[in-house]
Every structure is written in structure tokens, then in C-alpha cells.
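*Asks:* Give me a 3D structure for the following:
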Amino acid sequence: MRIGIDIKCLRYNNAGIGRYLRCILDALQKIDSQNEYLLFAPTEAPFEPTAPNFKVKVCKSEIKLPGILWQQSTLPGIIRENAIDIFWGPEQTLPVGNTGKTIRVLTVHDLVYKRFPETMAKSVLWVNKIFGNKSIEVADAICPVSKFTQNEIAHFYPEINKDKMHLVCCGTETGTTEPKPQRRGENLLFVGSLEPRKNLPTLIRALEILHDEGMDIPLTMTGPKGWRNKSIHDILSKTPIANNITHLGYVDDSTLGELYDTCAAVVFPSLYEGFGLPAIEALAHRAPLLTTKGSSMEEITGEFAIYFDANDPTSIADAIRSFYSNREAAEQKLRQESAKLNELLARYSWENSARALLRLFESLIQKGESR
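*Replies:* All right, here's what the predicted structure looks like:
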């Protein structure tokens, strides 16, 4: 089986979908030495395969094009020329033109462009509205990353045959490894890009409420710069708790792991997530987690999180106050129910994600679902 994968996002995206793709590719290389993988990009991508059956192919167009236009104009011909059996689009879009008999598989992370279009950069919103819709239409198989996203697809695209949907969840690198015992600090940790959907202003307002009560909570922030963030930067510079906030920007995986291991808790107030990697990563590091109720995070983290109404700063403040008033109880739950937590984390390993994707590829070939 010859499998083609669009890896153009790895040229610039080290978080979010980029992180997801790297982890899946690393896991696939460990479990599959039989099939041939061709990883396509329009320019050099900083990814070096470790397995001989994985090869990066840089396929430049005659003129320099944005990645999405390269995908739509150049990639269909490359797929046909390389006789690709299965083509996987890991970032919500597929080449929608003529790809011959190639079976097309699409991963859908979320439907932000349907639920919260006002939170997206205009260029990204345009890409999703035009090519996201069409990609869902032409895909032979659709892989939502959670049951939450699967339900979103069914809601917004009721015409889609349910048999086309195959759940392939995200994972965590830590898995069931027990972190080394150490004393946790006093700070909350926020992991996410500076964009409207991550809901940072409401979190800041919650911390201001606590500050007014005489409770100063240190906040460490890490993540990419995001988009539509001028108002967020204004809030960060003008808030009376500015001295309590440390923004580290993007950090590597090793540093992020240390931050998870040493914070008091992770606070993840996102308004909308298809999966929510920081939530499962927090639990993998046995960090107490405070996050949004009524979201994908409830599906993923279940009883191992403290939930709040992400639209209400008072609700967030109440959750934070409650946590700090009895930190030991939250930490003790993670320790005492370690076996149950390990069971949950084992479901969300990157190896499981890769195996689910590989099984889908094999079943599609067996069924002969080609166009």
C-alpha cells in the first residue's frame, strides 16, 4: 500500500495540528514497516523520517503559491503520478480535484468555522469555508478526533453517511508513565495560542476578581502568538495583575513537560476545542486540571477535572478559589485513582491513534472504496 500525506503544515506549525501530525507520524514509523509513505510538501519541511519506508517529497509548483493553493492546484497531479493508494489530509482539507482512483481520508479536528467564525483569522476562515466544506464532501472517509467533533460533523453535515466517519482520537506522549514525585509550585499554567477562542480575557477577569479579594494567583502562559490578539495584548498590559503573569511564548516539548510537572494546576478555559491536547497532557503529568464544562474536554478527561462555565469569569474564579482552598484533595484524587487514570490515558496514546488510522487505511483498501 502506498500512502500519501500532506505535511505542509509542518513548515510553520509546531503546535496544534502540527504537533498532532508529528506525533502520529512518529507513532506510524514505529508500528508500520510494510507500507510505503510519501510525505508531500511544497517547500522544505523540518521533518526527518526515521524509518526507511517513510520519505519526504518536496514538490514545488512552477510559481510560489500559498499552501492551500498548492494543495488544490499541484498536489492532485502529484498524487496521480505517484500512484497513491490512500491519501490522508491531516489538517481538515484535501485536494478536491482529480486524484484518480486514490482513496481520500480526511481528519477533522473541529468546526470552529461553523460555531465561532468570528474568532478565526480571515484567511483561515476563508480556507475552511471554501475547501473545508468541499473536502468533507469528497472524502471517502472522515476521521473526527473526538465523539464531540463527530457529533458536530453530524449536526452541520446531516447529509454525510455515518458509515464514512471513523473515530481517530488524539493522544499524549506521556501515556501511563508515572511522573517523578516533586513539589508543585503555586502558579496556574495556561497552554494555548493567543487567539479569541482560547478565552484568555475571561480568565484574566477571573484572576482580577480573586485579586480584588486579596488572592494573587501567579499565571504562567505558553503557546504561539496566535491571531486577532491585539485586544488580548492590551488586556495583558493594562490588567492590575500584570505583574502576576509570565508569558513564555512557544516552548519545546521538554520545557512544556517541566511546566506541566511543576505548576499547581493547568487552567484551560477554551470556548471550543475538537479535542483539547493540553487537557489530556495535564492529566498525563498528574497536574490538576480546571477546564470548560459542556465541551470536548468533559468527554476526554471525565471525572479527573474541575469544571467551570467558560463564559462566566465568576464561575472560573469560583473554581480556582475552590481548588486553592483544598489543593491536596485534587492532588490526592490523581494519586489514589492512579490505576483508573492510567486506564483513561492508555486510551489516548499516540500509538493507539496511529493503529486506528492504519486499520482504517487497510480496511478501505480491502473494501476497494476507490473513486
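*Asks:* The nearest residue to Leu111 once chain neighbours are set aside: what's it in contact with?
*Replies:* Counting by Cβ to Cβ, 6 or more residues apart in numbering, Leu111 lies nearest to Glu152, which is 4.6 Å off, once chain neighbours are set aside. Where you see a C-beta, it was placed from the backbone N, CA and C, and this is true even at glycine. Going by Cβ atoms under 8 Å, 6 or more residues apart in numbering, Glu152 touches 110-111, 114-115, 144, 274.
*Asks:* Give me the contact list for the least confident helix or strand in the chain by mean pLDDT.
*Replies:* For the chain, the helix or strand with the lowest mean confidence is helix 230-238, at a mean of 84 (criterion: mean pLDDT, DSSP states H and E). Contacts of helix 230-238 with the rest of the structure, by Cβ under 8 Å, 6+ apart, involve 194, 196, 200-201, 204, 226, 242, 245, 247.
*Asks:* Check which element follows that helix along the chain.
*Replies:* strand 245-247 (DSSP states H and E).
*Asks:* From the chain's centroid, how far away is whichever helix or strand comes after that following strand?
*Replies:* Remark: after strand 245-247, the chain's next helix or strand is helix 253-262, criterion DSSP H and E. The gap between the average C-alpha position of helix 253-262 and the chain average comes to 17 Å, counting by Cα atoms, centre = their mean, to the nearest Å.
*Asks:* again, but for stretch 47-58
*Replies:* Centre to centre, stretch against its chain (Cα atoms, centre = their mean), the figure for stretch 47-58 is 23 Å.
*Asks:* Show me what that stretch is in contact with.
*Replies:* Outside of stretch 47-58, the residues that reach it under the criterion Cβ under 8 Å, 6+ apart are 7, 10, 22, 25-26, 28-30, 32-45, 78, 82.
*Asks:* Which of these fall within strands?
*Replies:* Counting by DSSP state E, the contacts of stretch 47-58 place 36-41 in strands.
*Asks:* Quick check: the farthest pair among those residues?
*Replies:* Farthest apart among those by Cβ to Cβ are Glu36 and Ala41. That separation is 16.9 Å.
*Asks:* Of those two, which one has the most company?
*Replies:* Each of Glu36 and Ala41 has its neighbours counted (other Cβ atoms under 10 Å); Ala41 has more, 23 against 16.
*Asks:* Could you check how far the more buried one is from Lys30?
*Replies:* Shown here: Ala41 relative to Lys30, a distance of 22 Å by Cβ to Cβ, to the nearest Å.
*Asks:* Glu362 now?
*Replies:* To Lys30, Glu362 is 17 Å away according to Cβ to Cβ.
*Asks:* Arg184: which of the contacts of Glu152 is nearest?
*Replies:* Arg184 lies nearest to Gly274 out of the contacts of Glu152, by Cβ to Cβ, at 28.9 Å.
*Asks:* Now do the contacts for the closest one.
*Replies:* By Cβ under 8 Å, 6+ apart, the contact list for Gly274 reads 108-111, 144-146, 148-149, 152, 296.
*Asks:* just checking, which of these belong to helices?
*Replies:* Judged by DSSP state H, the contacts of Gly274 include 148-149, 152, 296 as members of helices.
*Asks:* Looking at those, point me to the pair that's furthest apart.
*Replies:* Applying Cβ to Cβ across these, the maximum distance is between Glu152 and Ser296, 9.1 Å.
*Asks:* how is the protein carved up into domains?
*Replies:* For the chain, the domain assignment from automatic domain parsing gives the residue ranges 2-171+349-367, 188-347.
*Asks:* Stretch 30-45 - what's its average pLDDT?
*Replies:* Model confidence over stretch 30-45, given as mean pLDDT, is 95.
*Asks:* Give the buried residues for it.
*Replies:* For stretch 30-45, burial by neighbour count (16 or more other Cβ atoms under 10 Å) applies to 32, 35-42, 45.
*Asks:* ok, and what's touching that stretch?
*Replies:* Contact with stretch 30-45 is made by 1-8, 10-11, 25, 28, 47, 49, 51, 53-61, 65, 67, 70, 74-75, 78, 82, 84, 351, 354-355, 358, 361, as judged by Cβ under 8 Å, 6+ apart.
*Asks:* Count the residues that sit near Gln71.
*Replies:* By other Cβ under 10 Å, neighbour count at Gln71 equals 25.
*Asks:* Pull out the buried residues from the longest helix along the chain.
*Replies:* Across the chain, the helix with the greatest residue count (assigned by DSSP H) is helix 350-367. Within helix 350-367, the residues that qualify as buried are 350-355, 357-358, 360-361, 364-365, counting by 16+ other Cβ under 10 Å.
*Asks:* So what touches it?
*Replies:* Applying Cβ under 8 Å, 6+ apart, the set of residues contacting helix 350-367 is 1, 3, 23-24, 26-28, 30-32, 35, 85-86, 88, 103, 105, 140-141, 143, 166-173, 346.
*Asks:* Mark which of those are buried, thanks.
*Replies:* With burial judged by 16+ other Cβ under 10 Å, the buried subset of the contacts of helix 350-367 is 3, 23-24, 26-28, 32, 35, 85-86, 88, 103, 105, 140-141, 143, 166, 168-173.
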